[in-house]
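> Give me the fold of what follows.
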Amino acid sequence: MLYIRTDMNKTIATGHVMRCLSIADAARRIGEETTFLLADEQASELLEIRGYPYIILHTPWNEMELELSALKEAVRRHSIKRMLVDSYSVTQHYLESLSEVTEVYYLDDLNAFYYPAKGIIRYANYWEKFDYPGQYQDTKLYLGPKYVPLRREFCTVEKKQIKEKAENLLLMSGGTDPYDILIKILNRLDKTMFQSIDVICGVYHANYEKLQEQFGAYPNISIQKAVSDPERYMRKADLAVSAGGTALYELCAVGTPAISYSMADNQLDNVKKFQEDGVIAYAGDIRSGDAVSAILRLVEQYRGDRKLRDDCSRKMLALVDGKGAERIARALLEGKEQQHEICLDLL
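Numbering: from 1, shown residues only. From the prediction side, this is the model:
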């Protein structure tokens, strides 16, 4: 049995749980089931739909040291030998204390402090910015985009077909949209430029009804919320606009040219590295400046430049193959790597 400690709610949205579900699905395909450990019940309905059992600790999600007693009791009661932890609320003491009773693998995005763990997974494209091999000489490291934990549906086996002119546009905001970026883009976008415009809102999008009210009557605009098959919309799209989260790696896996923007500090390194490598254009931070104007300029540029979109698509497909969740699941379940092995992305 694989055990995963993570959470979701209106503040942190769904990203942690969704990527952990991808790992759990991969483990299930290998033949191992997964139990989730949660601070509260907010992810329980989703886990029930996906068929995964869970243990609720009844503790504050953002003060994780307060759960240590309950979590250690769960480790003892269920004889948990290894646990994957995915939360920004961990502390060094939390990981140290949990490591006393079980092997801890941590899914890291922030490099916030030294993580006392058996293994660290850091799939971001900018992982080389931090000296993980130097910091963690006795820790198993899984580094680079080959470990992006995507759903099986994102495993790409064929090249994206790039049209002369982009006809289908996809707009996404991630789990939340606190700055109403989707409404701002649609208000200023020339909606006649595209045959279809798919708009995907996250489960915690506060103004979904407002979007429907303002733009639902347009014959070429489709507005969806919390879709279960985002890959279908990404494969359909000739061009996408997305926030700088996991969706960018999903777009890479299907080879759909994209324009990114940021809305949080933890997205900045990600979007800037994609821009630096010529993989995904970055329009700016929507919290400051006029990122919407930059998005619209890039949409117009990319729409008519087939070569630009084709070049980006090839780089995207070379970066992410969609098999990261399985690689993580096998590392967690098999444990065959040597202590000082560093599993680097060689693409």
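> how about the strands of this structure, start to end?
2-6, 34-38, 54-56, 82-86, 103-107, 119-122, 140-143, 168-172, 196-201, 221-225, 239-243, 258-262, 281-285, 342-344 (DSSP state E).
> Which of these has the lowest mean pLDDT?
Set side by side, those give their lowest mean pLDDT on strand 342-344, at a mean of 41.
> hmm, back to that, could the strands of the chain go into TSV alongside distance to Glu326 and mean neighbour count?
In short, each C-beta sits where N, CA and C put it, glycine included. Listed next are those as TSV, based on distance: least, Cβ to Cβ, whole Å; neighbours: other Cβ atoms under 10 Å:
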stretch	distance to Glu326	mean neighbour count
strand 2-6	13	23
strand 34-38	14	23
strand 54-56	22	16
strand 82-86	14	23
strand 103-107	15	22
strand 119-122	13	23
strand 140-143	12	23
strand 168-172	25	24
strand 196-201	25	22
strand 221-225	28	17
strand 239-243	24	25
strand 258-262	24	25
strand 281-285	30	21
strand 342-344	13	16
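> Leu182 touches Leu171, doesn't it?
Yes: with contact defined as Cβ atoms under 8 Å, Leu182 reaches Leu171; the gap is 5.8 Å.
> which residues do those two both contact?
Val199 (Cβ atoms under 8 Å, 6 or more residues apart in numbering).
> As JSON lines, the strands of the chain with distance to Leu296 would be great.
Listed next are the strands of the chain as JSON lines, based on distance: least, Cβ to Cβ, whole Å:
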{"stretch": "strand 2-6", "distance to Leu296": "36"}
{"stretch": "strand 34-38", "distance to Leu296": "40"}
{"stretch": "strand 54-56", "distance to Leu296": "43"}
{"stretch": "strand 82-86", "distance to Leu296": "35"}
{"stretch": "strand 103-107", "distance to Leu296": "35"}
{"stretch": "strand 119-122", "distance to Leu296": "34"}
{"stretch": "strand 140-143", "distance to Leu296": "36"}
{"stretch": "strand 168-172", "distance to Leu296": "11"}
{"stretch": "strand 196-201", "distance to Leu296": "13"}
{"stretch": "strand 221-225", "distance to Leu296": "16"}
{"stretch": "strand 239-243", "distance to Leu296": "9"}
{"stretch": "strand 258-262", "distance to Leu296": "10"}
{"stretch": "strand 281-285", "distance to Leu296": "9"}
{"stretch": "strand 342-344", "distance to Leu296": "38"}
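> Centre-most residue in the protein?
Thr246 (2.5 Å; Cα atoms, centre = their mean).
> can I assume that one is in contact with Gly15?
Yes: counting by Cβ under 8 Å, Thr246 touches Gly15, with 5.8 Å between them.
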